[in-house]
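S.K.: Predicted model and sequence follow; I will ask about them next.
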Amino acid sequence: MSDYVLELNSVTKTYGDFTAVDDVSLQIPAGTVYGFLGPNGAGKTTTIRMILEIIKPTSGSISIFGQPSALSVRERIGYLPEEKGLYKKMRAWSIIAYFATLKGMDRKSAKKRAYELLERYGLKDFADAKTEALSKGMGQKVQVLASIAHDPEFVILDEPFSGLDPVNQEVMEEVIRDIAERGRTVLFSTHVMSHAERICDRILLVAGGKKILDDTVEGARRHVPRRLRLQSDTDLAFLSDHDAVDRMVRTDVEGESTGSYDAILAADGEPVDVVQACFERGVTLHRFDYSPPSLHEVFVELVGDKAKEASFR
Amino acid sequence: MRAIFLIAWREYAENAKTKGFWIGLFLFPIIIFASIFVQRILDDATPTRNYVLVDQSGEYADVIRAAMENRHQADILEALGEYQAKYSKVKTEAEMPDFESMPAVDQEAMAERFASGFGSKLGSMLKDGGLEQVLAQMAPLLVDDRPEFEEPKLRFREVPLPDGMAAELGLDELSTELKPFLKGSQSVMVDGESEELFAAVLIPANIGELISDPGSLQGLQAAMSGAGSRSGIQYWATNLADKDLKSRVKSSVIAELHRKEYLARGMDSDAVAAVEDLDVPFADLNPNKAVGKEEVSMADVLRQWAPVGFVYLLWVGIFTISQMLLNNTIEEKSNRIIEVLLSSVTPGELMMGKLAGIAGVGLTMIGVWMGSLVTILKLSAGPEAEFPTMLWEVLRTSGLIPAFMVYFILGYLLYSALFLAIGSVCNTIKEAQNLMGPVMLIMMVPLITMMFIPKDPNGTLARILSWIPLYTPFTMMNRAAAHPPMIDTVGTLILLIVFTGFVMWMVGRIFRIGILRTGQPPKIMELLRWVRSS
């Protein structure tokens, strides 16, 4: 058996002339939290549906727990779809228990588990409420709980954060971390980079159906040049000769001369060396500021144009 | 298999919790109960109706009064019969009237003959203290703790003209004056109580001149010129439904008229009356029945019409629950719950589970309906309740209920599969309603034909409709009691099963693709492509 929970080999899905997913390959090792990032229309949901065997790929192969069919291992997978909905007339506990029994749990332990989960995530008082009486956030929590009630080894969450307020987004992050701490594998899609940054081990970035990046969060950051922000009355152009610096860019706001520069660092350049060089020359720095690039910047850098294109399509 | 069961169970449990389900469940027994007992209740609730009779010719008042008296005597006799049946000491099956062999007669005609012939003689006997005598004779045969026999109340009672009105006035004036009473804005005084006036019968003085013979040319002309005018006997009433009084007045006047004419022509009226009483046995025979039992019985008539009730029930049952299936399929689709379901079960399992679950709802409903029908009939059957007894006999012996069950299940599978296909390609109820239009049209046909088919159950129309699988359940149910040819029964059943299987297979393929689709419902050609794709 392979060590990977999920393997995709050159998976492609076309609808008529439109290619939704284009030759995507992917391997997810057990126990990782995988962020599935990409702009709207990038093919994230289509990929997830193919993983779950809801739709079939046009070409390529998918192996999940070493099996070609997700349905044959359905009790080991949990899934939260992108668009959230519940049976309006069912009670919160019974909907969680129902989905758990569909995944193979027996009715009695499913019911017990439903109440446990609702209590743990602060919905104890709403366990017996009909889902139509719940707020959107609560409903979404119920749905997430329904998708993990059978304690799956591999959890797939499609846009788990959408529609949640900041507090509930944190609760959701906590839920994901809880799952991860139990050694489970998580794949979740989002287009909000900060969540991915905080909880992912690895990220997969897609745009226009194509895989753009598949790396650790650290690795992903290396894909955009690091910048050291400097401000000084002295001309800092000399720094471009420094080993740690690739090039210097003036970032003055037009018409104003504030002496702002971005030192684009070389691949292994240390920001400290650059600042040191300034001190050695006796240059007074009004400000220096270094922070590693965020996934947000990575995202904009790598798929910014495609995302715009997609939104106009 | 387990997944199918789980989905079916959820569908069943959720739908069984809805208000509509419970209303449907109880409405039917209530309707059955009402339709059986409403006649009795209505009879009891109808007040004695008051009428005024003005006979300016002075020739017919007595015969009319005598006819109305006879009518009351017939009521007493009937009540006496029921009284005896109800409190009889021996109550065995054998005592139940044998409806299978009771000839199918026009009961009203029989009652009429009875009232005018033998009944009138018996009636007058009852009147002259005969009732007590009959009751006394009956007493040893009846149980001891019975209530006293109560004479039924008068259905019609003649009342004098309201105060201040003279019978000698012209009929036009008289009717004008009576109008407020007939309309209910004024009431007549009867035995010191104010009562409503139901009708007025006004016979003009010149009635003798108006006698016509439509067989002759002059008579025809007179009848035509007189048609619609007020010449002749006037019957005034606001109630057009209760024609009992009118027809009795008319028949007794005509009988009297005939009697006088016989006399005028020198014939012996008693001899004529005796001749008129002559009768010849007339048997309705049906070649479909067993040798020696070819007589068409009351039960046969009922058996011919009872299927109509079942067809209606079938129709209501099938479309109520198919609608449920449509609604919750669309709910799952618009909520995208479908994705979670499909990550756990195959589309095939989902479809089968839904079909089975809703079928369970339907069978529960039908089961309760049938159960309550049988229970109500059984409980109310007995010597004093002819109709339920007869209906119960028919249901027990005719195999209508098993046929109903078979056609219900097959019809449900067929139509629910169609509804499921519609549900799977639509995102909202509104979209579904557009597609439902044609289906509704198709569905209306059995409702329209259901009243015609019993008249010619093995005719061309019935046979053609039977061979159209969409109509097989309804039409064959319609014909179930008419002994359709074996080829029709078996052939259409096989065709229906095959067709249903084919539709379900096709719907399975449409369902699989449609259920995940969003946006516009697909075109027909696209649907065909889905069916062909593997």
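M.R.: Received it, and whenever you're ready, just let me know what you need.
S.K.: Please report how far B:L528 lies from A:P225.
M.R.: Per C-beta to C-beta, to the nearest Å, B:L528 is found 56 Å from A:P225. To be clear about C-beta, it is placed using only N, CA and C from the backbone, and glycine gets the same treatment.
S.K.: which residue lies farthest from the center of chain B?
M.R.: B:S343 (51.9 Å; C-alpha atoms, centre = their mean).
S.K.: Touching, it and A:L52? I think so.
M.R.: Yes - using C-beta atoms under 8 Å, B:S343 is in contact with A:L52, at 4.5 Å.
S.K.: intersection of neighbour lists for these two?
M.R.: Common contacts of B:S343 and A:L52 (C-beta atoms under 8 Å, 6 or more residues apart in numbering or on different chains): A:70, A:77, A:79.
S.K.: what number of residues lie near the first one?
M.R.: Spelled out, that is A:A70. 24 (other C-beta atoms under 10 Å in any protein chain shown).
S.K.: Same question for the last one.
M.R.: Burial of A:Y79, expressed as a neighbour count using other C-beta under 10 Å, amounts to 28.
S.K.: and what of the second one?
M.R.: Counted with other C-beta under 10 Å, the burial measure for A:I77 works out to 26 neighbours.
S.K.: What helix or strand is the residue nearest to B:L169 when sequence neighbours are not counted located in?
M.R.: Closest residue in space to B:L169, ignoring its immediate chain neighbours: B:E177 at 7.4 Å, by C-beta to C-beta, 6 or more residues apart in numbering or on different chains. Following DSSP states H and E, one finds B:E177 within helix B:171-182.
S.K.: Repeat that for B:L202.
M.R.: Assigned by DSSP H and E, B:L202 belongs to strand B:197-203.
S.K.: How many neighbouring residues does the residue of the stretch 1-150 of chain A found nearest chain B have?
M.R.: Closest residue of the stretch 1-150 of chain A to chain B, C-beta to the nearest C-beta: A:G85 (2.6 Å). Neighbourhood size, A:G85 [other C-beta under 10 Å]: 20.
S.K.: Let's verify B:G501: helix, strand, or coil?
M.R.: helix (DSSP: H, G, I helix; E, B strand; the rest coil).
S.K.: So for it, what pLDDT did the model give?
M.R.: With respect to pLDDT, B:G501 scores 92.
S.K.: ok, now how distant is it from B:L414?
M.R.: Counting by C-beta to C-beta, the gap from B:G501 to B:L414 is 10 Å.
S.K.: follow-up on the earlier one: for the strand holding B:L202, give the mean pLDDT please.
M.R.: 86.
S.K.: Likewise for stretch A:30-44?
M.R.: What stretch A:30-44 shows for mean pLDDT is 86.
S.K.: And for stretch A:257-271?
M.R.: The average pLDDT within stretch A:257-271 is 79.
S.K.: Next, the residues that contact that stretch from outside, please.
M.R.: With C-beta under 8 Å, 6+ apart as the criterion, stretch A:257-271 contacts A:222, A:225-234, A:236, A:239, A:242-253, A:274, A:286, A:288, A:290.
S.K.: What about those residues, which are in strands?
M.R.: Of those, the ones assigned to strands by DSSP state E are A:227-232, A:245-250, A:286, A:288, A:290.
S.K.: returning to what we had before: give me the helices and strands touching the strand holding B:L202, please.
M.R.: Helices and strands touching strand B:197-203, by 3 or more C-beta pairs under 8 Å, 6 or more residues apart in numbering or on different chains; DSSP states H and E, are strand B:49-55, helix B:171-182, strand B:234-237, helix B:244-264.
S.K.: Any chance of the ones you listed in JSON lines with mean pLDDT as columns?
M.R.: Below are the helices and strands packed on strand B:197-203 laid out as JSON lines (pLDDT from 0 to 100):
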{"stretch": "strand B:49-55", "mean pLDDT": "86"}
{"stretch": "helix B:171-182", "mean pLDDT": "83"}
{"stretch": "strand B:234-237", "mean pLDDT": "86"}
{"stretch": "helix B:244-264", "mean pLDDT": "84"}
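S.K.: which one of those is the most hemmed in?
M.R.: strand B:49-55 (a mean of 21; mean count of other C-beta atoms under 10 Å in any protein chain shown).
S.K.: Could you give me the buried positions within stretch A:284-291?
M.R.: Of the residues in stretch A:284-291, A:285, A:288, A:290 count as buried by neighbour count, 16 or more other C-beta atoms under 10 Å in any protein chain shown.
S.K.: what sits against the second one?
M.R.: Residues in contact with A:F288, defined by C-beta under 8 Å, 6+ apart, are A:228-231, A:271, A:275, A:278.
S.K.: from the residues you listed, which two are the most distant?
M.R.: Farthest pair in the contacts of A:F288 (C-beta to C-beta) is A:Q231 and A:P271. Separation: 14.5 Å.
S.K.: More neighbours: these two, which one.
M.R.: For A:Q231 versus A:P271, the count of surrounding residues by other C-beta under 10 Å is larger for A:P271: 21 against 17.
S.K.: What does the more buried one show for phi and psi?
M.R.: Here is the backbone geometry of A:P271 (degrees, to the nearest 10): phi -60, psi -30.
S.K.: Next one: it relative to A:S291, how far apart?
M.R.: Per C-beta to C-beta, A:P271 is found 10 Å from A:S291.
S.K.: likewise B:P457?
M.R.: For B:P457, the distance to A:S291 - C-beta to C-beta - is 89 Å.
S.K.: all helices for the stretch 1-150 of chain A, in order.
M.R.: Using DSSP state H, counting those that start in this stretch, the helices of the stretch 1-150 of chain A run over A:44-51, A:92-102, A:107-120, A:136-148.
S.K.: Next: the stretch 201-313 of chain A.
M.R.: Under DSSP H, counting those that start in this stretch, the stretch 201-313 of chain A gives helices at A:217-221, A:271-280, A:295-312.
S.K.: A:R177: which of these is closest?
M.R.: Closest to A:R177 of the helices of the stretch 201-313 of chain A is helix A:217-221 (C-beta to C-beta; 14.8 Å).
S.K.: and for that closest one, what are the contacting residues?
M.R.: So helix A:217-221 is contacted by A:196-197, A:200-203, A:205, A:213, A:292-295, A:298 (C-beta under 8 Å, 6+ apart).
S.K.: So what's the gap between it and the chain middle?
M.R.: Between the centre of helix A:217-221 and the centre of its chain there are 13 Å (C-alpha atoms, centre = their mean, to the nearest Å).
S.K.: need the contact list for B:E158.
M.R.: Residues near B:E158 by C-beta under 8 Å, 6+ apart: B:50-53, B:65, B:68.
S.K.: so which pair among the residues you listed is furthest apart in space?
M.R.: Farthest pair in the contacts of B:E158, by C-beta to C-beta: B:N50 and B:R65, 14.2 Å.
S.K.: and whichever residue of the stretch 401-534 of chain B sits closest to chain A, what are its phi and psi?
M.R.: Closest residue of the stretch 401-534 of chain B to chain A, C-beta to the nearest C-beta: B:L516 (6.4 Å). When read as degrees, to the nearest 10, the backbone of B:L516 gives phi -100, psi 0.
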